[in-house]
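[1] Build me a model from this:
(one chain, ligands or ions: 2)
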Amino acid sequence: MNIKLHLSKVKNQKPVIQITGSKSESNRLLLLQALYPEIEIKNASNSDDSKVMIKALGSKSDTIDVHHAGTAMRFLTAYFSIQEGRSVTLCGSSRMHERPIQILVNALIQLGAKITYLENDGFPPLKIKGKALTKNKVTLKAHVSSQYISALLLIASKLENGLELTLEGEITSMPYIKMTLSLLDEIGIKSTFHKNRITIKPNNQALNTKTLTVESDWSSASYYYSIVALSDIDTEIRLTAYKARSLQGDSVLADIYKAFGVQTTFKNNTITLKKEAPASSYIKLDLNNSPDIAQTIAVTCLGLGLACQLSGLHTLKIKETDRLMALKNEIEKLGGHIQITEDSLQLEATNKINANINIATYQDHRMAMAFAPLALKTPIVIEEASVVSKSYPSFWDDLKHIGFKISK
Ligand SMILES: O=C(O)C1=C[C@@H](OP(=O)(O)O)[C@@H](O)[C@H](O)C1
Ligand SMILES: C=C(OP(=O)(O)O)C(=O)O
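    Ligands and ions are numbered 1, 2, ... in the order given. Prediction:
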């Protein structure tokens, strides 16, 4: 369903929004909980991707459908590879069947796993016959998706001889690898990461019972950073529940949005975003470590009429959609001038945004959420608005709470 958005001003009572738990942290902890039931999880994400993960891990079926959830696809491929005696078909949405998985599958096969492709080589759906994996050394190309690496790390302590993983080439989305290692550390599984080699010892004993509280999702916070950046000086929005030391790479937003005049303060698990100054005139960023906020930042720049140069975007083409192409199409409809390459985008400064444009969302939650803040500049229509549930089901309700007018 399409929705029309309009917002003249954020409601001025300093609204507080409770954001659901990080889907990245949740999907890691859910998998670890399946391996180590001693773990208790608080503030887990209510996203579709986490619901898919919960359902898959609890399912006895021989066919598991992960829909659009990349983390579920990659993490469960590793998980089912070590479920001895179990045979499953792991499939997803039509887009999931276009998202590459060969690097992970090859690594698991090197460790002894039995995995075959049911349609196209290198892509889901997969047939996985679970067995004990006894080999422990594997080398993997690290520039395509960090999810392959996290998938192996999550099961590493359950491999008979642990894991010695060598990463080849430039490492993409590094904070997500560090998040995986930090969560393992929190539950008592130690690792070493020297140069390009990660080592984890086997652990087949029960862990000490442990409750972990998932921090709220920083990628979801990005849309509020954009809203505040596009608002008048002194506009404030509060978001909860965040931690002083985040495991999420997208917490870099607090630094990045200073250039847009947005200051972040942290108090009692709440962050306050406040527009304090005009934005800089030009934005140049390498987003290799935080690819999920690229769309948000590009649209903030468009809304503020700023030129920007974003690099490190080579993974965007294999996400929920080809995000570079999708951004180009929709920004051009709005009257923006944008050039894209395989791994970057360049936006020219524009001072006019076309009104009442229908923004296509390409089954990508982040397309819908990234363009919504533009309603502060001009009325805008978001097509297939329900896509947001992949990571942030209450997004539209929360926008209403801060004053957005939303009509069907
Ligand atoms: O491990 C994770 O939770 C994620 C890793 C990133 O993917 P890539 O490593 O494929 O860039 C990110 O884009 C995705 O939303 C979540
Ligand atoms: C890329 C994303 O998710 P995934 O790869 O897990 O589908 C995302 O949430 O932006």
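[2] hey, let's count contacts and neighbours off CA atoms from now on
    Fine.
[3] what's the pLDDT at Leu345?
    Per-residue confidence (pLDDT) for Leu345: 98.
[4] what's it sitting at in phi/psi?
    Here is the backbone geometry of Leu345 (degrees, to the nearest 10): phi -140, psi 150.
[5] residues touching it, list them.
    Cys308, Gln309, Leu310, Ser311, Leu313, Leu324, Ile338, Gln339 (C-alpha atoms under 8 Å, 6 or more residues apart in numbering).
[6] Keep only those of these that are in strands.
    Counted as lying in strands by DSSP state E, out of the contacts of Leu345, are Cys308, Gln309, Leu310, Ser311, Ile338, Gln339.
[7] ok, so of those, who is nearest ligand 1?
    Ser311 (13.6 Å; C-alpha to the nearest ligand atom).
[8] how many neighbours does the closest one have?
    If you count neighbours by other C-alpha atoms under 10 Å, Ser311 ends up with 20.
[9] how far is stretch 191-200 from where the chain is centred?
    With C-alpha atoms, centre = their mean, to the nearest Å as the basis, the distance from the averaged C-alpha position of stretch 191-200 to the chain average is 24 Å.
[10] Restrict that stretch to CA atoms and write it as PDB.
    What follows is stretch 191-200, C-alpha atoms only, in PDB (Å, rounded to 0.1, in the frame of the first residue of the first chain):
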ATOM      1  CA  SER A 191      38.800 -15.400  20.500                       C
ATOM      2  CA  THR A 192      41.900 -13.900  19.100                       C
ATOM      3  CA  PHE A 193      42.100 -11.600  16.100                       C
ATOM      4  CA  HIS A 194      45.600 -10.900  14.900                       C
ATOM      5  CA  LYS A 195      46.300  -9.200  11.600                       C
ATOM      6  CA  ASN A 196      44.000 -11.200   9.300                       C
ATOM      7  CA  ARG A 197      43.500 -14.300  11.400                       C
ATOM      8  CA  ILE A 198      40.700 -15.100  13.900                       C
ATOM      9  CA  THR A 199      41.000 -18.100  16.200                       C
ATOM     10  CA  ILE A 200      38.300 -19.600  18.400                       C
END
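[11] Kindly provide the distance from Ile227 to Leu273.
    Separation of Ile227 from Leu273 (C-alpha to C-alpha, to the nearest Å): 10 Å.
[12] Just the buried residues from the contacts of Leu345, in ChimeraX please.
    Per 16 or more other C-alpha atoms under 10 Å, the buried members of the contacts of Leu345 correspond to this ChimeraX selection:
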select :308,309,310,311,313,324,338
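[13] Ligand 2 next: which of the contacts of Leu345 are close?
    Applying C-alpha under 6 Å from any ligand atom, the subset of the contacts of Leu345 adjacent to ligand 2 is empty.
[14] export the contacts of Leu345 to CSV and tack on distance to ligand 1 and pLDDT?
    CSV is the format used below for the contacts of Leu345 (distance: C-alpha to the nearest ligand atom, whole Å; pLDDT from 0 to 100):
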residue, distance to ligand 1, pLDDT
Cys308, 21, 98
Gln309, 19, 98
Leu310, 15, 98
Ser311, 14, 98
Leu313, 9, 98
Leu324, 14, 98
Ile338, 22, 98
Gln339, 21, 98
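[15] Tell me the one of the contacts of Leu345 nearest Leu183?
    Distances from Leu183 to the contacts of Leu345, taken as C-alpha to C-alpha, are shortest for Leu313 (26.1 Å).
[16] wait, doesn't that closest one sit right on Gln346?
    No. Look at Leu313 against Gln346 with C-alpha atoms under 8 Å: they stay out of range, at 11.4 Å.
[17] Thanks a lot, see you next time.
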